[in-house]
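Mind folding the following:
(2 chains)
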Amino acid sequence: MLFKLTRRKALAITSAAALSVSAGGAFAQSAADRAVEAAKQYSGITLNVFYEAGLQPLDPKNFTGPLWEELTGIKINVIESPNDEMFTKTMQAHLGGSGAYDVLNVLPSQMPDLALAGALEPLDAFVDKFGYRDELNSIAPVYRDNQMMVEDTIYGLPDDGDVFVLYYRRDIFEDPETMAEFKAKHGYDLAAPTTWKEFGEIGQFITDKHAPEIYGAGMFRQPGAAKYLFEERFRVEGGRFFDPETMRATVNSEAGLRTMQGMVAENAWMPPGVEQWGFGEVFSAFLAGDIAMAVSWPPVGRWAAGYGKGTEALNWIPETTVADTIAYALPPGGKPELAAGFSLSVASGSKHKEAAFLFAMWMNSEEISLQRVQLPYALRDPFRPSHFASEEYRSKWPSAGEYLDILEAGAQTGMLDLSLIQIDRYNEALRQGLSRLWAGDDPQAVLDEVAANWDALTDRIGVEKQRRVYADWASKPNAYPE
Amino acid sequence: MTANSLSRTLERPGVFKYLLIAPAVFVILLIGLYPLIKLAVTSFQDISMFGADYSFNGAKHYVRLFGDSRLWESLLHTVLFTAVALPIELVLGYLLALLFLERLPGKSFFVAIILLPTIISPIVAGSTWRLMIDQRFGPVNQILSWIAGREVELLWNIQTYLVWPAIMIAEVWQWTPFMFLMLYAALSNVDKEQLEAAQIDGASWWMTFRRIVLPAIMPVMVIAMLIRALDLFRIFDIIWTMTQGGPGTMTETISIYAYNIAFREFETSYSAAIAFLVIFILTLVVVWLLRRVEVER
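Numbering: from 1, shown residues only, chains lettered A, B, ... in the order given. Next comes the predicted model:
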């Protein structure tokens, strides 16, 4: 059954919002209430909200959209696009001056590109006008400090706590016989791997013992998703993307080679065809009990635990067989990729910029966002300390507390996606390299070509220009592990 | 202009007929020529994601075409794919048409079934084939496993020696029926009396085909080949949904490359130059083919 918005539920949410007046703030109402009050003047208009296609838009379609309309009289029209076309469509709307979108979902790594191209509206004036700065400060620092601003200007409200988590099966890892055999073979206790070397040994051991029924792990290998794993592991291995002085790519370093060789070697003990695996394949295999470990985005942890079972929108998800045995840990290296994520932005071409901001602010506020991250079918993940600490959320399933603790830990140590001018082109070069890697090309040759492509891009964009942007990115505390 | 002078102008020989076709010509110019001119102008400007310089920037984007190895690789992929897929579709379409010339029970039903792939959107066909060849869930590997009697694990859109055949299968599956339909119509109109006369005279199958059937179906066949060749040259959807041009850039065709440059990298002026290159090549091919047809006649 979908989350149906009833009048009683709407009243409960707005009452909760009204009660939670921000302590010490200059504004008497909560941010959510202020947004609603201010937005009422725009009653009757329609806001076009741009969302990643799939489950993401079920939030504005089933929950926030109807509730917002009931509270303000503003209709929400959701426009969807595949994730990898969102940048293109946002830019097309901007360059064409179509004004097709009012509220945008923006991948933080693409925010500098979109902001510098003029596609995003600066939000500082709105933030101050509606007193939203305090609530922005209560977003987890890693998202707030890295996914909100470009050159000291606010262009988006961090709205999604994407982070990679290692999921593993307690029944295998705590089986006495398996534990004893593993210790005898490798000399250390079987537990969630903390290094990629351990990951390889544990995965190989489980595959040797249980395959073809159960393989050691199944990981992202489709280039679009594998790119994030590469970026994470490359940095954990000590890699740096560029020489900060010359801006020559250093992705083809020893660390890059170790990373790619490690990924190729792991494919040998993962399920056949893992080279094609993306989000869907990994989570369906994990839920089916076909793999003992998986690294993926937060929704997998919820669904594998059975959260949302019986929800109509999640009928397509295979029945979980690991609900009672799922365990959570940070991926090897302890520095998970803050892969993708979303910030809510206002399109510079919007005809209703203030109303668009108010809708974004309301969705992003403490009260409403807490409801949104608990929607079983939506893909928004906790991004505020209050979400991680929510007693309501922590009681959703037996291991929900453990799950939220890991997300919170990931939010503290997680590493940012590389962000540069025209980052999509750098990512495309890396994606192509990874697809060649799975096709059997030599890892060093692949890395050399990626580096050459990156250098050519940097030269075309301008070394000095790109160096400034890279230096800004690299100076952030979550850009590199140390 | 007075009513009389207008009337005199209209009465001049030839004027009225031009007036009748003028609206159509205007529309054609508007939707055909204007974009072409705009494209040409854009290719000499410097418009990209981060700025638009509308002044004349010389032929720098055309010069860049010559040094762009990825462009020429994608063009080579396109030409080779067209060169292989077109004859396969032609031969299979012809054989199917021959088969259906015979009296067959339920012929109309089977013709309708065979034509189904052509009415499917190429993007849907590509997505369907991507699922068909999926290693984990797809039926292709399962069927091959049953036939082989052991687990078959072919990574159709990963392994370099399989990725083009996979695309080729999807393309041929979807568009052979078009060839079949065209050739079936053409073969149905071959003069039966000539065929009977050839048979009575003891002509071989090859002689009959070369001297009677081929000349009769040639005009339709050339047009069918031209339509398919142009489509194959512009192929995008099936490859995009199956491989997005990968692994690496191994299956990147000229249309996919142009899309990447235009709508992922937003190099608008350079993509306009690429588009002009494609238009130039296709125009050469079409003119050459049409001249050949004229000569044949």
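
Any idea how many residues pack against residue A:355?
Look at residue A:355: counted by other Cβ atoms under 10 Å in any protein chain shown, it has 24 neighbours. The way it works is simple: take the backbone N, C-alpha and C, and place the C-beta from them, glycine included.

in which helix or strand would I find the spatially closest residue to residue A:429 that is not a sequence neighbour?
Distances taken as Cβ to Cβ, 6 or more residues apart in numbering or on different chains place residue A:453 nearest to residue A:429, at 3.8 Å, with adjacent residues excluded. According to DSSP states H and E, residue A:453 maps onto helix A:443-461.

Which residues outside that helix are in contact with it?
Helix A:443-461 has contacts (Cβ atoms under 8 Å, 6 or more residues apart in numbering or on different chains) with A:242, A:247-252, A:256-257, A:260-261, A:264, A:421-422, A:425-426, A:429-430, A:432-434, A:436-437, A:466.

Inside helices: which ones of these?
Counting by DSSP state H, the contacts of helix A:443-461 place A:256-257, A:260-261, A:264, A:425-426, A:429-430, A:432-434, A:436-437, A:466 in helices.

Which of these has the largest number of neighbours?
That'd be residue A:433 among these, by other Cβ under 10 Å, with 29 neighbours.

what does the stretch 1-150 of chain B have sitting close to chain A?
Contact residues, the stretch 1-150 of chain B versus chain A (Cβ under 8 Å from any Cβ of the partner chain): B:49-50, B:134-136.

of those, closest to residue A:301?
Residue A:301 lies nearest to residue B:136 out of these, by Cβ to Cβ, at 21.6 Å.

Look up the pLDDT of the closest residue to that closest one other than its chain neighbours for me, please.
Leaving aside its chain neighbours, residue B:136 sits nearest to residue A:273 (5.5 Å; criterion: Cβ to Cβ, 6+ apart). If you check residue A:273, the pLDDT there is 87.

Let me know whether residue A:145 touches residue A:479 as I believe.
No. Under the criterion of Cβ atoms under 8 Å, residue A:145 is not in contact with residue A:479, lying 11.1 Å apart.

Tell me which of those two has more neighbours.
For residue A:145 versus residue A:479, the count of surrounding residues by other Cβ under 10 Å is larger for residue A:479: 19 against 15.

Can you give me the pLDDT of whichever residue of the stretch 101-250 of chain A sits closest to chain B?
At 5.5 Å from chain B, residue A:117 is the closest residue in the stretch 101-250 of chain A, using Cβ to the nearest Cβ. With respect to pLDDT, residue A:117 has a value of 90.

Ok, residue B:120 next?
94.

And for the one 3 residues further on?
Here the pLDDT value assigned to residue B:123 is 94.

can you count the residues close to the residue of the stretch 1-150 of chain B found nearest chain A?
Closest contact between the stretch 1-150 of chain B and chain A, by Cβ to the nearest Cβ, is at residue B:135 (2.9 Å). Neighbourhood size, residue B:135 [other Cβ under 10 Å]: 22.

Check the stretch 1-150 of chain A for the residue nearest chain B and tell me.
The nearest approach of the stretch 1-150 of chain A to chain B comes at residue A:88, 4.8 Å away (Cβ to the nearest Cβ).

Please enumerate the helices of the stretch 251-400 of chain A.
Assigned by DSSP state H, counting those that start in this stretch, the stretch 251-400 of chain A shows helices spanning A:254-267, A:279-288, A:298-304, A:353-364, A:366-372, A:385-389, A:391-394, A:400-413.
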